[in-house]
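[1] Here is the input, now give the coordinates:
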Amino acid sequence: MNQFQAGKYISQGYYSSFEPGNINRTWNVTDLELMNLLSKADRYIGRLDMYSNYVNIDLFIQMHIAKEATLSSKIEGTQTNVEESFLREAEVSNEKRNDWEEVQNYIQAMNQAVEMLKELPFSSRLIRKTHKTLLTGVRGNTKQPGEFRKSQNWIGGATLADAVFVPPVHTAIGNLMSDLEQFANDELNHLPDLLKIGIIHYQFETIHPFLDGNGRVGRLLITLYLVNKNILKQPVLYLSDFFEKHRMLYYDNLMRARLNNDLVQWLKFFLAGIIETAQQGVSTLDAILKLKQEVEIEIKTLKGRADDALIILNFLYTHPIIDVTKVEELIGKSNVTSYKLIADLEKMGILEEITNSQRNRIFAFRKYIYLFD
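    Alright, predicted model coming up:
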């Protein structure tokens with residue numbers, strides 16, 4: 001890996017584009033610090049995945065995806081928070097509607113991609129379908145959703161002439177993405193999967209195959225690869241929070257690999273992100289289980305309404321925003337009974353009214369939401 005050659009700059013007249021070398025090749029890993037980080041990352045991600053064996057993770061998956069959707073979109077400039085992502089469109093203010101729609105697209109793209117992995121391999125086709133869902137109907141919908149770009153793009157700067165980085169020309173994308181796809185699915189390549197996805201993310205961001213949405217797709221691919229390889233049974237690990245907190249280091253390490261052929265430093269940064277994020281994931285799931293136990297003990301004190309309250313609670317784990325209409329639907333009882341149940345849950349501190357209005361009131365399970373903040 002110390003012999004890594006990132007690629008070469010090719011003159012395109014008044015600017016130069018960077019064409020990366022192929023990654024579907026033999027890799028030799030000799031850096032002991034990198035191997036130590038890899039060992040730690042494997043351990044921590046194993047602990048995180050272990051929860052899938054004895055906890056109904058399905059209850060909490062949508063909160064993990066919603067958190068990732070808001071954080072990944074935040075890196076691109078949106079302002080929607082986790083709580084707002086669960087509101088219906090009519091409940092979102094006009095000034096926040098565009099941001100909300102982008103987050104909804106991300107949630108839909110992740111859910112669809114995880115389902116598609118049951119039938120499609122980790123491939124360019126999967127990536128393009130996911131990109132199409134991500135950009136359709138929102139900002140960027142005029143920039144060829146679901147298609148690799150047919151023109152030059154760039155990163156940083158106002159024009160190609162003063163860009164921080166210019167990815168390869170569009171005519172090279174087909175071969176480069178084919179190489180990436182082969183590398184991802186080459187079972188004879190025995191490079192550890194966490195190093196493979198670190199390289200895949202680096203290569204994808206270097207190719208920058210779309211006119212818009214490359215960052216969000218590139219971050220999403222990390223989780224999809226881990227699920228595809230059964231390293232994670234459920235999509236519960238996302239690196240957007242780590243990349244956002246260390247934004248300059250993220251970009252600097254990507255550029256260092258391109259300019260100085262230092263892929264090892266990028267992989268060390270990437271594995272540090274896996275370790276920190278997996279540790280946080282374990283802590284979050286521990287806190288969820290503790291909260292779940294405490295809340296269920298409280299709910300059992302509700303004479304005559306405990307069973308209905310548990311139905312509402314299980315819904316709140318998947319969708320922590322609710323109104324009286326939804327409560328009526330879930331428990332199959334009258335408006336009056338549903339309001340009484342909401343009042344009980346408010347007194348217990350499980351629900352909190354967030355609209356400050358007398359009509360169309362909306363309630364949030366904030367104790368749960370805060371665990372993902």
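[2] ok, which stretches of this protein are strands?
    In the chain, the strands defined using DSSP state E lie at 7-11, 16-20, 321-322, 352-353, 363-364.
[3] Can I get these in JSON lines including distance to Ala158, mean neighbour count and mean pLDDT?
    For glycine as for every other residue, the C-beta is placed from the backbone atoms N, C-alpha and C. Output for the strands of the chain, formatted as JSON lines (distance: least, Cβ to Cβ, whole Å; neighbours: other Cβ atoms under 10 Å; pLDDT from 0 to 100):
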{"stretch": "strand 7-11", "distance to Ala158": "20", "mean neighbour count": "13", "mean pLDDT": "96"}
{"stretch": "strand 16-20", "distance to Ala158": "17", "mean neighbour count": "19", "mean pLDDT": "97"}
{"stretch": "strand 321-322", "distance to Ala158": "41", "mean neighbour count": "21", "mean pLDDT": "96"}
{"stretch": "strand 352-353", "distance to Ala158": "46", "mean neighbour count": "13", "mean pLDDT": "94"}
{"stretch": "strand 363-364", "distance to Ala158": "42", "mean neighbour count": "22", "mean pLDDT": "96"}
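[4] any chance of the ones you listed in a markdown table, with distance to Leu313 too?
    Formatted as a markdown table, these follow (distance: least, Cβ to Cβ, whole Å):
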| stretch | distance to Leu313 |
| --- | --- |
| strand 7-11 | 53 |
| strand 16-20 | 50 |
| strand 321-322 | 10 |
| strand 352-353 | 14 |
| strand 363-364 | 12 |
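[5] Out of those, which is closest to Asn105?
    Closest to Asn105 of the strands of the chain, according to Cβ to Cβ: strand 321-322, at 18.7 Å.
[6] returning to what we had before: which of the strands of the chain sits closest to Phe210?
    The nearest among the strands of the chain, by Cβ to Cβ, is strand 16-20 at 15.7 Å.
[7] In this structure Pro20 contacts Met177, no?
    No. Taking Cβ atoms under 8 Å as the definition, Pro20 is not a contact partner of Met177, at 11.2 Å.
[8] what bits of the stretch 151-300 of the chain have low per-residue confidence?
    Within the stretch 151-300 of the chain, no stretch has pLDDT under 70.
[9] change it to 90
    Applying pLDDT under 90 to the stretch 151-300 of the chain flags the ranges 157-158, 161, 187-190, 234.
[10] where along it do the helices fall?
    Ranges of helices in the stretch 151-300 of the chain, per DSSP state H, counting those that start in this stretch, are 173-185, 193-207, 214-228, 240-245, 247-260, 263-299.
[11] quick one: contacts for the spatially most central residue of the chain?
    Per Cα atoms, centre = their mean, the C-alpha nearest to the average position across the chain is that of Glu68, at 4.1 Å. The contact partners of Glu68, taken as Cβ atoms under 8 Å, 6 or more residues apart in numbering, are Tyr106, Met110, Arg219, Thr223, Tyr238, Ser240.
[12] Can you name the residues that contact the third one?
    So that's Arg219. Per Cβ under 8 Å, 6+ apart, neighbours of Arg219: Glu68, Ser72, Ile75, His201, Tyr238, Leu239, Ser240, Phe243.
[13] from these, which is closest to Gly13?
    His201 (30.5 Å).
[14] now that closest one: how far from Ser240?
    Separation of His201 from Ser240 (Cβ to Cβ, to the nearest Å): 12 Å.
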